[in-house]
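Visitor: Sharing a model prediction with you, sequence too.
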Amino acid sequence: MTKVSGLSNGQIILEDGYNKNALPRKDDEPVQVVLTTHLQNIINVNEEKQVISVDLSLRLVWKDERVSLNKSFHKYLEKDPIGEYFNINPSEVEKLWLPDVYIPDSIEIRHPKYMADPI
């Protein structure tokens, strides 16, 4: 195991040889990613052009067996109906595998913003 350096102060432990470009799966099984959406605001509806502008957030949850939480940070574990999870520091996100998100027929999508509780 290799500790990830940075702002997390050892929050995350990566398996030796971790490759963020490799799918987090065992035995070539598909990676299960649970997606939930939260519609925050309908900004505009243009019936003539058949275009709707919305603010919405996407929540993606998956299990990556190659990543674990340092035991000293277990007090930050949270639980919901999907299971147990932790919010990672946004500065660490670039070091991890992330699922691709494709929204067909979208005209414009803002860059994602990663949310995390301060630790």
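Guide: Cool, got the structure.

Visitor: Verify the stated contact: residue 92 with residue 11.
Guide: Yes: Residue 92 lies in contact with residue 11 (CB atoms under 8 Å); the separation is 7.2 Å. (C-beta placed from N, C-alpha, C; glycine too.)

Visitor: Show me what secondary structure element comes after the lowest-mean-pLDDT helix or strand in the chain.
Guide: Using mean pLDDT, DSSP states H and E, the weakest-scoring helix or strand in the chain turns out to be strand 2-3, at a mean of 44. Sequence-wise, the next helix or strand downstream of strand 2-3 (DSSP states H and E) is strand 12-14.

Visitor: Output the contacting helices and strands for the helix or strand just after that next one.
Guide: Using DSSP H and E, the helix or strand that follows strand 12-14 in sequence is strand 34-46. Judged by 3 or more CB pairs under 8 Å, 6 or more residues apart in numbering; DSSP states H and E, strand 34-46 is in contact with strand 51-61.
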